[in-house]
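A.B. asks: No letters, just coordinates:
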């Protein structure tokens with residue numbers, strides 16, 4: 001971290017503010033550095049455009065992504081810049097595999113993250129993205145797909161579509177899946193495993209890339225060597241040294257996009273498996289943003305959409321995230337103005353939600369709403 005600080009202004013400033021010497025930084029020294037939260041990134045990038053002083057000067061940038069927030073994230077040149085290939089290797093993905101990559105390639109980085117990781121292990125990639133599940137089911141049968149990457153709930157939908165289309169069972173060759181970005185309950189894993197023998201969970205962020213991945217099903221997430229992970233008390237940043245839950249805080253000395261005490265907003269805890277510490281998955285969130293089907297929804301953006309819908313007859317509204325079966329659902333509850341065209345309002349609400357929040361919403365017209373937050377997570381513990 002001391003070596004990269006000279007090229008990354010924000011890291012240098014934060015180390016100096018904590019009075020940490022750049023010569024020989026220890027893990028104990030890190031505890032003096034204030035945690036930088038994901039929720040702070042939009043304002044930080046606005047104050048120091050375009051990347052908030054978080055990218056090393058002169059780094060070779062291949063792509064720039066615009067995630068909700070907005071948060072601008074970079075992909076540096078290189079074979080596997082987010083280092084997801086370790087998770088793919090643990091899942092058994094390699095040169096003989098054809099991978100259906102069901103993460104989006106549009107503006108947000110998840111699709112490209114896994115695309116590059118697949119190429120790094122020699123696998124062939126089908127850039128499927130999200131949607132058109134019946135088309136994707138036919139691709140599985142016609143092309144000989146052997147591996148899946150995406151949301152666990154979407155893999156369930158793909159299996160259902162394959163069966164409903166009456167496609168030949170013998171042409172379902174998918175025998176491994178790496179899933180991430182939403183919970184994988186035991187019941188869903190068991191259901192998926194009836195058709196996909198190997199289903200492993202992984203965890204990461206757009207900023208850090210891979211943070212942890214399963215080696216065996218249900219036995220915690222192994223942390224790769226290039227990442228220094230702390231589980232910290234939310235708000236104080238004090239590391240938790242037992243198995244109590246806390247926020248996942250990441251430090252990594254990548255030459256181009258290093259992170260210093262970056263608070264992901266995700267909650268986890270440590271568990272010991274075969275004498276090694278592992279993360280117990282994502283147990284919830286402490287940040288303001290809420291993850292829905294792999295996409296972060298920020299409260300201020302939800303409030304902006306609701307305010308703008310006033311010009312088409314919205315009196316009040318709120319977004320509520322609920323869990324229906326194995327799927328996260330974003331529900332927009334709306335109270336129309338008297339005499340408003342509810343059909344036009346509903347259409348506008350759906351279009352603007354999709355455009356601004358990047359997630360489709362179920363529209364629910366109600367008579368009244370209690371005044372409160374624009375965005376509510378009603379899923380309970382993850």
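C.D. replies: Noted; the coordinates are in hand. Please read these numbers as outputs of a predicted model, since none were measured by experiment.

A.B. asks: drop to CA atoms for contacts and neighbour counts, all remaining ones
C.D. replies: Noted.

A.B. asks: helices or strands next to the host helix or strand of residue 118 in the packing?
C.D. replies: Taking DSSP states H and E as the criterion, residue 118 maps to helix 110-120. On a contact count with 3 or more C-alpha pairs under 8 Å, 6 or more residues apart in numbering; DSSP states H and E, helix 110-120 meets helix 85-91, strand 98-101, strand 124-127.

A.B. asks: what's the spacing between it and its chain's center?
C.D. replies: 14 Å (C-alpha atoms, centre = their mean, to the nearest Å).

A.B. asks: Show me how the protein divides into domains.
C.D. replies: Here the domain parsing of the chain from automatic domain parsing is 61-221, 290-377.

A.B. asks: All the helices of this protein, residue numbers only.
C.D. replies: 2-5, 9-17, 27-30, 41-47, 85-91, 110-120, 133-139, 152-164, 186-193, 299-308, 342-357 (DSSP state H).

A.B. asks: hang on, the earlier thing: among the domains of the chain, which is nearest residue 48?
C.D. replies: domain 61-221 (11.8 Å; C-alpha to C-alpha).

A.B. asks: First-to-last residue distance for that closest one?
C.D. replies: Start to finish, the residues bounding domain 61-221 are 30 Å apart (C-alpha to C-alpha, to the nearest Å).

A.B. asks: Now that domain: average pLDDT?
C.D. replies: Taken as a whole, domain 61-221 has a mean pLDDT of 97.

A.B. asks: Name the surrounding residues that touch stretch 217-227.
C.D. replies: Stretch 217-227 is contacted from outside by 86, 199-203, 210-215, 229, 250-253, 271, 273, 277-281, using C-alpha atoms under 8 Å, 6 or more residues apart in numbering.

A.B. asks: Now do that stretch: distance to the chain's middle.
C.D. replies: 16 Å.

A.B. asks: so what pLDDT did residue 4 get?
C.D. replies: pLDDT at residue 4 comes out at 86.

A.B. asks: For it, list the residues it contacts.
C.D. replies: When contacts are counted by C-alpha under 8 Å, 6+ apart, residue 4 touches 56, 253, 254, 255, 258.

A.B. asks: Which residue is the nearest non-sequential neighbour of residue 231?
C.D. replies: Spatial nearest neighbour of residue 231, chain neighbours left out: residue 248 (4.8 Å); criterion: C-alpha to C-alpha, 6 or more residues apart in numbering.

A.B. asks: Count the neighbours of that neighbour for me.
C.D. replies: Residues near residue 248, counting by other C-alpha atoms under 10 Å, number 27.

A.B. asks: wait, it sits on residue 270?
C.D. replies: No - the pair residue 248 / residue 270 is not scored as a contact, 10.1 Å apart, by C-alpha atoms under 8 Å.

A.B. asks: Identify the contacts common to these two.
C.D. replies: The contact sets of residue 248 and residue 270 overlap at residue 231 (C-alpha under 8 Å, 6+ apart).

A.B. asks: how close does residue 118 get to residue 377?
C.D. replies: Going from residue 118 to residue 377 by C-alpha to C-alpha gives 33 Å.

A.B. asks: Looking at these two, which one has more neighbours?
C.D. replies: Neighbour count, other C-alpha under 10 Å: between residue 118 and residue 377, residue 118 has more, with 27 against 17.

A.B. asks: Return the residues in contact with that one.
C.D. replies: 85, 88, 93, 94, 99, 124, 125.

A.B. asks: Would you show me how to pick out the buried ones of the residues you listed in PyMOL?
C.D. replies: The buried residues among those can be selected in PyMOL (16 or more other C-alpha atoms under 10 Å) with this line:
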select buried, resi 85+88+93+94+99+124+125
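
A.B. asks: Residue 264: which of the contacts of residue 118 is nearest?
C.D. replies: Distances from residue 264 to these, taken by C-alpha to C-alpha, are shortest for residue 85, at 20.9 Å.

A.B. asks: Distance of the closest one relative to residue 178?
C.D. replies: Going from residue 85 to residue 178 by C-alpha to C-alpha gives 11 Å.

A.B. asks: quick one, what contacts residue 159?
C.D. replies: Contact analysis of residue 159 by C-alpha under 8 Å, 6+ apart lists residue 137.

A.B. asks: Please disregard the earlier target; I meant residue 327.
C.D. replies: Contacts of residue 327 by C-alpha under 8 Å, 6+ apart are 153, 293.

A.B. asks: for stretch 297-311, the distance to its chain's centre please.
C.D. replies: What separates the centre of stretch 297-311 from the centre of its chain is 22 Å, taken as C-alpha atoms, centre = their mean.

A.B. asks: picking that back up, among the contacts of residue 4, show me the least confident.
C.D. replies: Lowest in pLDDT among those is residue 255, which has 87.

A.B. asks: which residue sits closest to it in space, ignoring its chain neighbours?
C.D. replies: That would be residue 4: by C-alpha to C-alpha, 6+ apart, it lies 6.2 Å from residue 255.

A.B. asks: Buried ones in stretch 307-327, by neighbour count?
C.D. replies: Neighbour-count burial for stretch 307-327 flags 309, 312-322, 326-327 (criterion: 16+ other C-alpha under 10 Å).
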